[in-house]
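K.L.:
Quick check, what structure comes out for this input:
(one chain, ligands or ions: 2)
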Amino acid sequence: MSDASTPASWHANTLDCVHCGLCLEACPTYQVLGTETDSPRGRIYLMRALAEGRVTDTDAIRPHLDRCLDCRACETACPSGVRYGHVLEAVRAELRAQPPRTGRTTRSFRARLASFLLRAVVAHQGRLRWFFRFARAAELSGLRRLARALRILPADVDALVPHVPPGPARRPLPAVVPARGERRGRVALFTGCVMEQVFGEINRKTADLLAANGFDVVVPESQRCCGALLVHDGQLEPARELARRNLAAFADCEVVITNSAGCGALLRDYGHLLDTDTARAFASRCQDVTAFLARAGLRETPARFAAKVAYDAPCHLCHAQGVRTQPLELLRSVPGLELVAHPSAEDCCGSAGIYNLLQRDLASAIGRQKAKALATTGAAVVATGNPGCMMQIAASLRAEGTPLAVVHPVELLLPEPPS
Ligand code: SF4
Ligand code: SF4
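P.N.:
Residues are numbered from 1 along each chain as shown. Ligands and ions are numbered 1, 2, ... in the order given. Purely as a prediction, here's the structure:
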């Protein structure tokens with residue numbers, strides 16, 4: 001375990017908190033539950049007490065930490081620079097390593113199953129591919145409908161699980177997508193695990209967008225899942241193994257482009273996860289596609305898109321990566337597109353990896369708040385750059401009966417195809 005996640009290190013981080021409470025209103029769980037122990041300040045207090053040995057009943061504090069989305073809105077709000085996400089992830093790993101105080105685990109069957117699937121399936125590209133083949137077969141054969149009818153698959157979970165696209169959309173990208181027109185450089189594309197299987201079309205459009213703007217796009221075949229879901233779950237060692245594989249896969253790439261905010265945030269945090277100079281150097285080469293293109297400049301004018309669009313900022317893009325203005329800047333360059341004000345664009349939507357499958361009531365309350373806020377914008381389309389947010393926002397809008405389309409920003413930035 002790297003030094004950055006030892007109890008001494010996360011304890012030191014908690015000492016930066018001066019208990020001012022400026023983070024409370026930014027916290028989605030505090031907004032819904034209104035309890036101090038479900039606020040950033042309260043959780044920091046609990047984690048500090050755990051490190052100091054003043055709290056020994058880990059079963060009592062675990063639910064409060066489980067209810068945290070790890071959205072890091074509190075980091076943006078905090079004037080003292082508390083690195084809340086690092087503290088939480090280290091404490092989750094610590095709690096995972098400790099046997100339950102009563103001898104019996106208080107984690108739900110669903111949480112334990114999720115942990116197992118993350119470790120045994122999501123972290124292995126080949127198994128994940130088989131999992132999605134099975135999911136596709138279940139859809140085509142009507143098994144998914146049957147599971148829902150028999151309530152084996154609860155309706156709210158079914159609403160969150162996307163429909164797996166047919167085969168062609170999931171065909172692997174070529175190893176290189178060559179630049180079109182005058183060549184401006186070479187970038188590598190991080191394709192992600194769930195992103196590639198469920199939103200493979202967006203990966204293709206991202207590569208297309210970069211190529212149309214003059215960049216050769218390489219897609220290393222040996223890349224792996226970023227490990228973010230494992231880190232959120234406190235499974236740091238398997239996440240580190242994935243990180244090492246990604247360092248090797250992208251070793252000769254000067255720029256690594258991500259289009260999933262959750263993946264990008266962790267890739268840019270590999271320096272902390274692995275605590276090596278190589279990992280820190282790699283992290284500094286990773287950029288979200290919108291940050292990269294805003295800096296490089298769009299050479300090709302995007303195709304006309306005459307609609308009102310609200311931009312919703314994924315937490316792991318705005319709070320974790322500090323990418324705020326660049327997606328807006330790019331969207332403003334789309335002919336015909338009217339960018340409308342969104343009052344809670346940086347509030348969490350309740351997705352947070354697999355949080356919406358484990359904390360269903362809380363996630364759906366947070367998601368409904370988001371859908372209600374979006375309904376007030378007058379937008380016809382919501383643009384957001386993270387697959388989990390796209391799924392959660394779409395499900396929340398459906399639940400609220402608000403018919404807005406949800407797209408990834410890159411889908412609005414593609415130029416007209418050559419005639
Ligand atoms: S990470 Fe998000 S949910 Fe967790 S304490 Fe901070 S603001 Fe609240
Ligand atoms: S804003 Fe920062 S210093 Fe203030 S209570 Fe929250 S975490 Fe602590």
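
K.L.:
hey, let's count contacts and neighbours off CA atoms from now on
P.N.:
Noted.

K.L.:
show me where pLDDT drops low in the chain?
P.N.:
The chain contains residues with pLDDT under 70 at 1-7, 99-106, 150-171, 418-419.

K.L.:
How much space separates Arg245 from ligand 1?
P.N.:
28 Å (CA to the nearest ligand atom, to the nearest Å).

K.L.:
what's the answer for Pro172, then?
P.N.:
Counting by CA to the nearest ligand atom - Pro172 and ligand 1 are separated by 34 Å.

K.L.:
ok, and the closest non-adjacent residue to the closest residue to ligand 2 within the stretch 51-200 of the chain?
P.N.:
Closest contact between the stretch 51-200 of the chain and ligand 2, by CA to the nearest ligand atom, is at Cys78 (3.6 Å). In this structure, Cys78 finds its nearest non-sequential neighbour in Cys23, 5.8 Å apart by CA to CA, 6 or more residues apart in numbering.

K.L.:
contacting residues around the one you found?
P.N.:
By CA atoms under 8 Å, 6 or more residues apart in numbering, the residues touching Cys23 are Pro40, Arg41, Ala73, Cys74, Glu75, Ala77, Cys78.

K.L.:
before we move on, the earlier item: wait, the residue of the stretch 51-200 of the chain closest to ligand 2 touches Leu22, no?
P.N.:
Yes. Contact status for Cys78 versus Leu22: in contact at 6.5 Å, counting by CA atoms under 8 Å.

K.L.:
who has more neighbours, those two?
P.N.:
Neighbours per residue, other CA atoms under 10 Å: of Cys78 and Leu22, the larger number sits with Cys78, 23 against 14.

K.L.:
immediately after the one helix or strand Lys372 maps to, which helix or strand?
P.N.:
Using DSSP states H and E, Lys372 maps to helix 360-375. Using DSSP H and E, the helix or strand that follows helix 360-375 in sequence is strand 381-383.

K.L.:
ok, that following strand: who's next to it in the sheet?
P.N.:
strand 308-311 (parallel), strand 405-407 (parallel) (DSSP bridges).

K.L.:
follow-up on the earlier one: could the contacts of Cys23 go into TSV alongside secondary structure?
P.N.:
Output for those, formatted as TSV (DSSP: H, G, I helix; E, B strand; the rest coil):
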residue	secondary structure
Pro40	helix
Arg41	helix
Ala73	helix
Cys74	helix
Glu75	helix
Ala77	helix
Cys78	coil
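
K.L.:
quick one, strands of this protein?
P.N.:
176-177, 185-189, 215-218, 256-258, 286-288, 308-311, 338-340, 381-383, 405-407 (DSSP state E).

K.L.:
Tell me which residues are up against the first one.
P.N.:
Same thing as strand 176-177. Ala207, Asp208, Ala211, Asp216, Val217, Val218, Val219.

K.L.:
what does the third one give?
P.N.:
Taking contacts as CA under 8 Å, 6+ apart, the residues outside strand 215-218 that touch it are 175-180, 183-189, 207, 210-211.

K.L.:
can you list the residues of the stretch 101-250 of the chain near ligand 1?
P.N.:
Within the stretch 101-250 of the chain, no position is near ligand 1 by CA under 6 Å from any ligand atom.

K.L.:
what residues are up against the residue of the stretch 101-250 of the chain found nearest ligand 1?
P.N.:
Ligand 1 sits closest to His232 of the stretch 101-250 of the chain, with a gap of 10.7 Å, by CA to the nearest ligand atom. The contact partners of His232, by CA under 8 Å, 6+ apart, come to Asp70, Glu89, Arg92, Gly353.

K.L.:
The second one and Val231 touch, don't they?
P.N.:
Yes. Counting by CA under 8 Å, Glu89 touches Val231, with 6.5 Å between them.

K.L.:
Max pairwise distance over the contacts of Cys23: which two?
P.N.:
Arg41 and Ala73 (12.4 Å; CA to CA).

K.L.:
Those two - which one has more neighbours?
P.N.:
The neighbour count for Arg41 versus Ala73, taken as other CA under 10 Å, is higher for Ala73 (26 against 23).

K.L.:
looking at it, that one is touching Cys349, isn't it?
P.N.:
No. When contacts are counted by CA under 8 Å, Ala73 is not listed as touching Cys349 (11.7 Å).

K.L.:
Overlap in contacts, those two.
P.N.:
In contact with both Ala73 and Cys349: no residue, using CA under 8 Å, 6+ apart.

K.L.:
how many other residues sit next to the residue nearest to Gly271 when sequence neighbours are not counted?
P.N.:
What sits nearest to Gly271 in space, not counting adjacent residues and going by CA to CA, 6+ apart, is Arg280, at 4.0 Å. Residues lying near Arg280 (other CA under 10 Å) number 18.

K.L.:
Please apply the same query to Ala373.
P.N.:
Counted with other CA under 10 Å, Ala373 comes out at 15.

K.L.:
on that earlier part again, buried ones among the contacts of His232?
P.N.:
Asp70, Glu89, Arg92, Gly353 (16 or more other CA atoms under 10 Å).

K.L.:
any idea how the chain splits into domains?
P.N.:
3-97, 301-413 (automatic domain parsing).

K.L.:
out of those, which comes closest to ligand 1?
P.N.:
So among the domains of the chain, domain 3-97 is nearest, using CA to the nearest ligand atom, at 3.6 Å.

K.L.:
so how far is that closest one from its chain's centroid?
P.N.:
20 Å (CA atoms, centre = their mean, to the nearest Å).

K.L.:
still on that earlier bit, how near is the residue of the stretch 101-250 of the chain closest to ligand 1 to ligand 2?
P.N.:
19 Å.

K.L.:
Any figure for the gap between that residue and Gly81?
P.N.:
20 Å (CA to CA, to the nearest Å).

K.L.:
do Thr14 as well
P.N.:
For Thr14, the distance to Gly81 - CA to CA - is 10 Å.

K.L.:
The two: who's more crowded?
P.N.:
Between Thr14 and Gly81, counting by other CA under 10 Å, Thr14 is the more crowded of the two (23 against 13).

K.L.:
related to what we said a few turns ago, could you provide the strands of the chain in CSV, with additional columns for mean neighbour count?
P.N.:
Below are the strands of the chain laid out as CSV (neighbours: other CA atoms under 10 Å):
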stretch, mean neighbour count
strand 176-177, 18
strand 185-189, 21
strand 215-218, 23
strand 256-258, 25
strand 286-288, 24
strand 308-311, 24
strand 338-340, 17
strand 381-383, 22
strand 405-407, 19
